Each structure stands twice: as structure tokens, then as C-alpha cells.
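Participant: I would like to see how this sequence folds:
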Amino acid sequence: MFQLDEDIYRTYVMIEEFQRQRLWLERLLHPELFKWAKQGEPPPMTDTKKIRLSVLEGIGLNEKRYQSLKELEQGAKDELGILAMTHPLSEHSKRIGIFGKGTYLIGAFIAAGGNIQRTPTCSSFWKGMGLDVLSDGSVPRKIRGNKDVERRLPCLPHVSRVGEQIRMQINRSKGTKMRALYEHWRAFYDEKYPDRPKMFNFKAGLRIAQKLLYSCLWEEWRKAYDLPAPEPYPFSILGHDPSQRIRIADLYDR
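Facilitator: Got it, this is the predicted structure:
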């Protein structure tokens, strides 16, 4: 694993751990900060909760620790931003609207991608990022040793935490190239499957837009480290028209 990518991954792991501990304490010490508490009355201070808070105070899990975790989390986020700014992908993320003006999301994406040397093809990168399961919960094709994925809920997505954040940004960032890609594929699936529940087509459109984004970032990431980046499966194996391929510059908004 390249040193910069490893540093980004380590910093992101710290952020996740600080955030997990901070949220756990926040639910106990400051329940009024959560939306569910703002919509109604904060939970009552019961005798059981008083005992629990007293015990936690005795082992150092108190307001002081909570404030310390907030500072540590913010410090780790600042460090992630600094590291992400020096990564080769930052030059592209600055021009893609869904990543916003900050560097947190692209840093989280790099951390989720992990060791780019272990993904020699675009398909292997998609699989590592959780895009090998279709929006309806089934696997795209039969793979030896794989069992069918049980569909617990309609259109239950199988993506990483970072993948879900990117999906949210695609859905929210109206007027961007990524949003236009999603709308194109959403219309395609609406026409192809008019009787299917709308949520299926919504997830399918997001998934295609996300795969195109990932393939472009994967290619630029590999090239930046002088690693081979073969064409995606439709072009290298199936022989689709190369002029139809989406490039990273096609996703730029600024």
C-alpha cells in the first residue's frame, strides 16, 4: 500500500472511532442535540440513567471526555483534509460538484478504496466498493462459490458507508453532471420497467451513475501511480464503441 493512501486510511479509521465514541456519549449526555429529541420532549432522567451516568463518571466517561472526543474528531478531519489535498485524486474531486468544496468526502473515498494495487481491473474495484450487488439485492452474474443474496427489503442497497454518502450527494446536488447521469439512467429504467416499483429504478439509476464515477476515479488513481489501467469490461471484452465511454473530464462541473 502506498504511504499516502495508508496515512489517509489510518486517519479515516481514527475519525470513525472518535465519532463512534462521541455519538455514544452524546446520546447519554446531550440527547437534546438529536432530531428525534427536538421533535418532542427529551427522554426523562430516570434513576437507572442516573446510576449509569454516575458509574461512567467514575471511569472517566464524562463531559470532559465528550468534549475531548469532539476536539479529537475535528482534528482528525482536518488532518484527513490536508492529506487528501496532496492526493492525485484531489485535482479531479475539486471539479466534480458532488464532492463539494471540502476534501473530506474524497478522503473517505480513498480510505474506502484501500490498496489500489490490489484492484487491477475496474470490475474488481467495483466489487471491493460494494457495487457487485444489484439494487434489487441479487448478484449480477453467477460466480463460483457465491450464493444468491437474500432480498430482505425491496431495493436494499449493499454499499459501504462512503458509498451511501456519495449516493446522497448525487441525489442532492442538482445541476451537476453526476445528477444528470443519474437522471438519464433513471429515465432509461423507468421506460424499460414501467411496472416495477419506482424505488427499484431510483436505486438502479444511482448505481449506474456511481459505477461510472468509480471507474473514472479508479483509472486516474492507477495512472497516477504508474499502474496499468485496462479498459472496463464493456470496452475491453464486449467491444462497445470507445467513443461512448465516460471520461473523468465529462464529469467536471467547474
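
Participant: who are the packing partners of the helix or strand hosting F200?
Facilitator: Element membership of F200, judged by DSSP states H and E, is helix 198-224. The contact analysis (3 or more CB pairs under 8 Å, 6 or more residues apart in numbering; DSSP states H and E) places helix 198-224 against helix 90-93, helix 104-113, helix 122-128, helix 161-172, helix 177-192. For every residue, glycine as well, the C-beta is placed using N, CA and C.

Participant: apply 7 Å and report the result again.
Facilitator: Here helix 198-224 touches helix 122-128, helix 161-172, helix 177-192, going by 3 or more CB pairs under 7 Å, 6 or more residues apart in numbering; DSSP states H and E.

Participant: export whichever helix or strand comes after that helix to PDB, keeping only CA atoms.
Facilitator: Under the assignment DSSP H and E, the closest C-terminal helix or strand after helix 198-224 is helix 233-236. Output in PDB follows, covering the C-alpha atoms of helix 233-236 (Å, rounded to 0.1, in the frame of the first residue of the first chain):
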ATOM      1  CA  TYR A 233     -15.300  -4.800 -19.300                       C
ATOM      2  CA  PRO A 234     -17.800  -3.400 -21.900                       C
ATOM      3  CA  PHE A 235     -15.000  -1.900 -24.000                       C
ATOM      4  CA  SER A 236     -12.100  -4.400 -23.400                       C
END
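
Participant: what comes into contact with helix 233-236?
Facilitator: 123, 230, 240, 242, 245 (CB atoms under 7 Å, 6 or more residues apart in numbering).

Participant: now those: which count as buried?
Facilitator: S123 (16 or more other CB atoms under 10 Å).

Participant: let me have the contacts of helix 233-236 in CSV, extended by distance to D78.
Facilitator: Shown next, in CSV, are these (distance: CB to CB, whole Å):
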residue, distance to D78
S123, 35
P230, 37
H240, 43
P242, 42
R245, 37
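
Participant: buried sites along the helix holding F200?
Facilitator: Here helix 198-224 shows 200-222, 224 as buried, counting by 16+ other CB under 10 Å.

Participant: in the protein, which residue is most central in space?
Facilitator: The residue lying closest to the centre of the chain (CA atoms, centre = their mean) is V162, at 1.7 Å.

Participant: that one contacts I106, doesn't it?
Facilitator: No: using CB atoms under 7 Å, V162 makes no contact with I106, being 9.9 Å away.

Participant: the bottom helix or strand of this structure by mean pLDDT?
Facilitator: For the chain, the helix or strand with the lowest mean confidence is helix 35-38, at a mean of 64 (criterion: mean pLDDT, DSSP states H and E).
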